[in-house]
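> Task: produce atomic coordinates for the following.
(one chain, ligands or ions: 1)
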Amino acid sequence: TTVVADTGDIEAIRRFQPTDATTNPSLILQAAQQEGRRQRLGEIARQATDIDDALDAVAVEIGSEISALVPGYVSTEVSARLSFDTEASLARARALIDRYQRHGVDPSRILIKLASTWEGIRAAQVLEREGIHCNLTLMFGVDQARACADAGVTLVSPFVGRILDWHKSREPEADFEGDRDPGVQSVKRIYEHFKGHGYETIVMGASFRNSGEIKALAGCDRLTISPALLGELAESHGHLARRLSPMDAETRAPEPQDEAE
Ligand code: E4P
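This next block holds a predicted model:
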């Protein structure tokens, strides 16, 4: 399992040394408010032409810093406000890639994060044909995942925690530990479906609420994890990838970092 940090916090990335990093607008906002960054990013935002331009400028500034620290992919999200507008999503995605190129970042290392709506998936299909890699997020089941894989997207981010949140709100007393977690079950179904059907799209579990969910999904291609949970896992289990047993090692192509271990 490739460990991905779900954060824009540079210090956390330095500390946990993940292979990839993922961000979303809330994580960018948190990172932009960190001491030492606020003033510079404020100036960048003030030079922007409108709010979308300001958000993109700040996201790419932070994404570029992150890309210098991680060897793999950096995900930058197109505003969820555009999730039902294919053309607007395409324009923002291309603008983000353009901006990364102006920062000297290799665009093949950037994943444009889009919602797994019908419109988002259509946008991803066009972008992938143009050579722009996509990470399809806000994913809650196999049907969405299959549509993304059929559209040729590079990576999908099926959610765990938001599925658990919903079930917990309905059944607050139920036992949703480990494999009984409906979010974990959803990601496993997607992973097994993809491997069983030979899809090349990478499966990256996302939106974790506790370390039990992460352990239950060890073996998935990638997992994107908040610094708080990375810290918890590092404390109790040492190196994440080395300690956790894969859920289906037989069907999984070895990752380069697995071979190095
Ligand atoms: C990653 O793709 C998501 O943006 C992130 O994991 C969502 O997590 P949340 O459900 O805690 O907001």
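> so what pLDDT did residue 173 get?
Listed pLDDT for residue 173 reads 94.
> Make 739 the first number, not 1, from now on.
Sure, I'll start numbering at 739, so the last one becomes residue 911.
> Any chance of the backbone angles for it?
As for residue 911, its main-chain torsions (degrees, to the nearest 10) stand at phi -90, psi -10.
> check contacts around it.
Taking CB atoms under 8 Å, 6 or more residues apart in numbering, we find residue 911 in contact with no residue. The way it works is simple: take the backbone N, C-alpha and C, and place the C-beta from them, glycine included.
> Can you give me the distance of it to residue 947?
From residue 911 across to residue 947, the span is 17 Å (CB to CB, to the nearest Å).
> I'd like the distance between the residue nearest to residue 841 when sequence neighbours are not counted and the ligand.
Using CB to CB, 6 or more residues apart in numbering and skipping residues adjacent in sequence, the residue nearest residue 841 is residue 802, 4.3 Å away. Distance, residue 802 to the ligand, using CB to the nearest ligand atom, to the nearest Å: 19 Å.
> so where does residue 896 fall, helix or strand?
Using DSSP states H and E, the element containing residue 896 is strand 893-896.
> Residue 845 contacts residue 838, correct?
Yes. Here residue 845 reaches residue 838: they are 5.7 Å apart, a contact under CB atoms under 8 Å.
> who has more neighbours, these two?
The neighbour comparison of residue 845 against residue 838 (other CB atoms under 10 Å) goes to residue 838, with 22 against 14.
> residue boundaries of the helices in the stretch 889-999 of the chain?
Assigned by DSSP state H, counting those that start in this stretch, the stretch 889-999 of the chain shows helices spanning 899-908, 920-934, 949-954, 965-975, 978-981, 994-998.
> which residues touch the residue nearest to residue 942 when sequence neighbours are not counted?
In space, residue 942 comes closest to residue 960 once its chain neighbours are excluded; the distance is 3.8 Å by CB to CB, 6+ apart. When contacts are counted by CB under 8 Å, 6+ apart, residue 960 is found next to 739-742, 757-758, 893, 940-943.
> follow-up on the earlier one: is the ligand contacted by the strand holding residue 896?
Yes. Strand 893-896 reaches the ligand (CB under 6 Å from any ligand atom) through residue 895.
> Around the ligand, which positions in this protein sit nearby?
Counting by CB under 6 Å from any ligand atom, the residues of the chain close to the ligand are 744, 760, 762, 875, 895, 899-900, 944-945, 962.
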